[in-house]
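Undergrad: This is a predicted model, with the sequence first.
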Amino acid sequence: MPAPSLPRIDRRSLLIGGGAGIGLVVAWNLWPRKYLPNLTADQGETVFDAWIKIGDDGHVAVAVPQAEHGQGVYTTLPQIVADELGADWRTVAVEPAPLNPLYANPFGAEELLENGGDALMKAWRDRHGVDSGLMFTGGSSSVRSFEDPLRAAGAAARILLCKAAAARWKVDWQTCATGDGFVTQGRNKLRFAELAAEAARDFGDRPLPDPLPLRGDATNRLYGQSVPRLDAPSKIDGSANFAGDIRLPDMLFASIRQGPVGDSKLVRVDRAAADRIVGVRHVVTNDRWVAAVATTWWAANRALDAMAPRFETRGGRVDDASIAAALKAALDAPGTRIAQVGDVDAAFKDAKLVTAEYHVGLAPHAAIETMTATAQIRGGRLDLWVPTQAIGLARSAAAAIGISEDAVVVHPMLIGGSFGANLETQCVAQAAVLAKTLEQPVQLVWSRAEDSLHDRFRPPARARMTARLGSNGQLLAWRAQIAAPATGQQLARRLFAQDRQISTALSLSGAGDPYAVGGARPMYRIPAVAIDHHVADIGVPTGHWRSGAHSYTAFFTECFLDELAHLAGTEPLSYRIGMLGGDARLARCLSTAASLGGWEGGVAGSGQGIACHSFRGSHIAVLVEAHVGEGQAVSVDRIVAAIDCGRQVNPDVVKQQIEGGLLFGMAAAIGGATGFKANLAQARSFGALGLPRLADTPDITVELIPSEAEPGGVSELAVPPVAPAIANALQAATGGRLRTLPLVPGTV
């Protein structure tokens, strides 16, 4: 890196300001030089750049700009740094990165929004890719977005440490190496702790080479090793702090009730009833909600029950029938062509066609941690302790109470599961209102019922799948017509409500929403393909849910393909592999899963089904064994998954995410949905969702296929193929095809 543009850094500026420019050695070509790092050092720490601090005791602290909600990012990202630095894993620590454009993740949002139209993506890149510094966790993008800058940060710190050691030993720094937290050269050996302050202080006199040389030695490496998770010990012993664990002096606890979906207005509460509950201090109301505030959350929630709030809802009634009617009407109306290969209309003309319709229901996130936020206003500053996947957007939502965004400090917390729910900011905004109104610290926690009623659900969808088969069973043409809400556009409007450029771009976007049909384009080589989105207004707000639209488009695609294979008289595995063309990675996943699972061809009575999917640069195949048990209940006996996700930073973390995704997808396949009645979700507890229990957990085998390809996304990868694999297995077991999620035997 060119030295002249970097000022000399002294110890005092490092301790006070986190560095006056040294952080710009990371991602030099990606970020405007006006952005300075604001990573702060505790006593005895030295800041090296925007990512790394080294303590006098030898610990290496890595700033992580991504939210940890169980996906292991607090381990994999520090592991990249530690590997390149040559640190001892036992001394590595992690802390949330401060809000700063240096940590922006535009790639994750582009993945999440599924390239939601040229106008929206251009506005996103112009406004949020750099300028607003959006720190965003989503789209299975953490390693893919930050591997390069983290490796560069580790390499820069390693070189500075080697130069400092070489100056002491009067040798060429390039003869020095690092490992286990030491700089070594022959018999010379110095701990990082002994060199850190000197290395950072003398940076101006020891410019970094350009390009930065990365570690070339193959021994003593952390990358690719299943090192222990950094967040596991505190989660096991209970010392990990979540948003609900925050305790502040004079803090009060709040619970909230909001009106039914639609245009609802609060019209009556019995305040006197709340006053009779011991511990209740305040009742706060506006047109949209009522909150009870007390010395304990239990008292606050009891007060809400006692007040029996009543809301008036104007507009149409939302229930299962209205949602089904909206989807059907949308599917029967003209749609918007989102993707096309060849000429489907010409291929379909005067041909015998195969058609099937599929349907999926509303699915809640159902994370263990309900929506939670703690807020405190003191000295004109608003402090927030929140579990958020979008720290900058949370700050903007809270600032809407009439305070400058610069006066809002967000403390990102560990998240107790999310699956996309914590992209939303309504709880943060409510907590800020309560803190301002009461002039006291307030912790707002949504009850389980409230969390279920006011989720941003995975949308329902209905698909009409049409195909043309050749005389030999070859698939000649394919059309997927999908009716679903424009969830990507809804999500963007909520998240960027204050951004005129994004709002304008959304108004310019077409009727179709690429997000709503993400993953619908088959992975197979078919001469003619068309994907149409039919926008359905169902009257229920929808949002991102683990794997987004892929969770239902994979169900449509892989079930319909299985039906076509049976019509063609071809074994389903061979049918798939024969159409993959040059996609060797996905073909290998299919053959590996089949081999490990003892694939019998999906013949009648076998109870075996197979499905595959490619997603965010990764590939997966899933084989399932299932049957219908007593009481017409679906039982999944075995799941075998083969994955090619490129290079793996930590194989154990990858396996954990795949296993979790398989179970998440299984839950959505056999339960995990909610109906609607009178504008209210009917499932308001875990028990009402029919989720699989420990005794229902199948035998799971996960095979990670070695690969030197670039890392792909992992945390959402396993969800899409599970439901179609189960449906295909049930078809083999019973002879009947279930085309609706959740899968309910008897609805053929």
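TA: Received it, and whenever you're ready, just let me know what you need.

Undergrad: For the helix or strand where A593 lies, give the mean pLDDT please.
TA: Element membership for A593, per DSSP states H and E: helix 584-597. Here the mean pLDDT over helix 584-597 is 97, rounded to a whole number.

Undergrad: Could you tell me the angle between the very next helix or strand once past that helix and helix 584-597?
TA: Of the helices and strands lying after helix 584-597 in sequence (DSSP H and E), the nearest is strand 608-615. Orientation note: strand 608-615 sits at an angle of 150 degrees relative to helix 584-597 (axes from the mean of the first three to the mean of the last three C-alpha atoms, to 10 degrees).

Undergrad: Relative to strand 608-615, what are the paired strands and their orientations?
TA: Based on DSSP bridges, the strands next to strand 608-615 in the sheet, each with its direction, are strand 618-628 (antiparallel).

Undergrad: gap between E194 and N301?
TA: Counting by C-beta to C-beta, to the nearest Å, the separation of E194 from N301 is 55 Å. Glycine gets a C-beta too; all of them are placed from N, C-alpha and C.

Undergrad: What residues sit buried inside the helix holding A593?
TA: Within helix 584-597, the residues that count as buried by 16 or more other C-beta atoms under 10 Å are R585, L586, A587, R588, C589, L590, T592, A593, A594, L596, G597.

Undergrad: ditto for stretch 395-407
TA: Neighbour count says stretch 395-407 has R395, S396, A397, A398, A399, I401, I403 buried, by 16+ other C-beta under 10 Å.

Undergrad: so for that stretch, what's the average pLDDT?
TA: Taken as a whole, stretch 395-407 carries a mean pLDDT of 94.

Undergrad: Stretch 411-424 now?
TA: For stretch 411-424, mean pLDDT rounds to 95.

Undergrad: which other residues reach that stretch?
TA: Contacts of stretch 411-424 with the rest of the structure, by C-beta atoms under 8 Å, 6 or more residues apart in numbering, involve 67-70, 96, 138, 231, 235, 240-243, 246, 365-369, 371, 383-391, 393, 455-456, 491, 494-495, 543-546, 548, 664.

Undergrad: Filter the residues you listed down to the buried ones, ChimeraX style.
TA: Applying 16+ other C-beta under 10 Å to those leaves a buried subset, and the ChimeraX line that selects it is:
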select :67,68,69,70,96,138,231,240,242,243,246,365,366,367,369,371,383,384,385,386,387,388,389,390,391,393,455,456,491,494,495,543,544,545,546,548,664
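
Undergrad: In helices only, show me the contacts of stretch 411-424.
TA: In helices, judged by DSSP state H, the following of the contacts of stretch 411-424 are found: K235, I391, L393, L491, R494, L495, F664.

Undergrad: Model confidence for R11, exactly?
TA: Looking at R11, its pLDDT is 24.

Undergrad: More neighbours: E194 and N301, which one.
TA: N301 (23 against 17; other C-beta atoms under 10 Å).

Undergrad: Please report how far the more buried one lies from G617.
TA: When distance is defined by C-beta to C-beta, N301 is 44 Å away from G617.

Undergrad: May I ask which helix or strand of this structure has the lowest mean pLDDT?
TA: Among the helices and strands of the chain, helix 11-17 carries the lowest confidence by mean pLDDT, DSSP states H and E, at a mean of 24.

Undergrad: heading toward the C-terminus, what's the first helix or strand past that one?
TA: Toward the C-terminus, helix 11-17 is succeeded by strand 45-47 as the next helix or strand (DSSP H and E).

Undergrad: Please name the strands paired to the helix or strand following that next one in the sheet, noting orientation.
TA: Tracing the chain past strand 45-47, the next element assigned as helix or strand by DSSP H and E is strand 52-55. Here strand 52-55 is paired, per DSSP bridges, with strand 45-47 (antiparallel), strand 60-64 (antiparallel).

Undergrad: got the CA coordinates for the helix holding A593 in CSV?
TA: Below are the C-alpha coordinates for helix 584-597, written out as CSV (Å, rounded to 0.1, in the frame of the first residue of the first chain):
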residue,chain,number,x,y,z
ALA,A,584,-20.4,-31.4,-12.5
ARG,A,585,-20.6,-30.0,-8.9
LEU,A,586,-24.4,-30.5,-8.6
ALA,A,587,-24.2,-33.9,-10.3
ARG,A,588,-21.6,-35.0,-7.8
CYS,A,589,-23.8,-33.9,-5.0
LEU,A,590,-26.7,-36.0,-6.4
SER,A,591,-24.5,-39.1,-6.9
THR,A,592,-22.9,-38.8,-3.5
ALA,A,593,-26.3,-38.4,-1.7
ALA,A,594,-27.6,-41.4,-3.7
SER,A,595,-24.6,-43.5,-2.8
LEU,A,596,-24.6,-42.7,0.9
GLY,A,597,-28.3,-43.1,1.2
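
Undergrad: Give the other helices and strands that that helix contacts.
TA: Using 3 or more C-beta pairs under 8 Å, 6 or more residues apart in numbering; DSSP states H and E, the elements in contact with helix 584-597 are helix 572-579, strand 608-615, strand 618-628, strand 634-644, strand 699-704.

Undergrad: Out of those, flag the one nearest V280.
TA: With respect to V280, and counting by C-beta to C-beta, the nearest of those is strand 634-644 at 45.6 Å.

Undergrad: Out of the buried residues of stretch 395-407, name the ones that lie in helices.
TA: Using DSSP H, the members of those that fall within helices are R395, S396, A397, A398, A399.

Undergrad: Export those residues to TSV and append columns for distance to T40.
TA: Shown next, in TSV, are these (distance: C-beta to C-beta, whole Å):
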residue	distance to T40
R395	18
S396	23
A397	25
A398	22
A399	22
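
Undergrad: Show me which positions of whatever helix or strand T184 lives in end up buried.
TA: For T184, the element it lies in under DSSP H and E is strand 182-185. Neighbour counts using 16+ other C-beta under 10 Å place F182, V183, T184, Q185 of strand 182-185 among the buried residues.

Undergrad: average model confidence for stretch 622-629?
TA: According to the model, stretch 622-629 has a mean pLDDT of 96.

Undergrad: Which positions within that stretch qualify as buried?
TA: For stretch 622-629, the buried set under the neighbour-count rule, 16+ other C-beta under 10 Å, comprises V622, L623, V624, E625, A626, H627, V628.

Undergrad: check contacts around the residue of the chain positioned farthest from its centre.
TA: Of all residues in the chain, K170 sits farthest from the chain's C-alpha centroid, using C-alpha atoms, centre = their mean; the distance is 49.2 Å. By C-beta under 8 Å, 6+ apart, the contact list for K170 is empty.

Undergrad: Could you report the distance from it to G712?
TA: K170 sits 46 Å away from G712 when distances are taken as C-beta to C-beta.

Undergrad: rewinding a little: comparing the strands paired with strand 52-55, which comes out most buried?
TA: strand 60-64 (a mean of 26; mean count of other C-beta atoms under 10 Å).

Undergrad: what's that strand in contact with?
TA: Contacts to strand 60-64, defined as C-beta under 8 Å, 6+ apart, come from residues 39, 45, 50-55, 73-74, 77-78, 81-82, 85, 87, 91-98, 103, 150, 181, 192.

Undergrad: mind redoing it with 7 Å?
TA: 39, 45, 50-54, 73-74, 77-78, 81-82, 85, 87, 91-97 (C-beta atoms under 7 Å, 6 or more residues apart in numbering).

Undergrad: which residues in the stretch 251-400 of the chain form strands?
TA: 252-258, 263-268, 280-285, 289-294, 310-314, 336-341, 353-360, 372-378, 381-386 (DSSP state E, counting those that start in this stretch).

Undergrad: The shortest one vs strand 289-294, what angle?
TA: Here strand 310-314 runs at an angle of 160 degrees relative to strand 289-294 (the same axes, to 10 degrees).

Undergrad: just checking, what packs against strand 310-314?
TA: strand 263-268 (3 or more C-beta pairs under 7 Å, 6 or more residues apart in numbering; DSSP states H and E).

Undergrad: Now do the strand it packs on: everything it contacts.
TA: For strand 263-268, the external contacting residues (C-beta under 7 Å, 6+ apart) are 259, 285, 287-290, 309-315.

Undergrad: list the contacts for R494?
TA: When contacts are counted by C-beta under 7 Å, 6+ apart, R494 is found next to E424.
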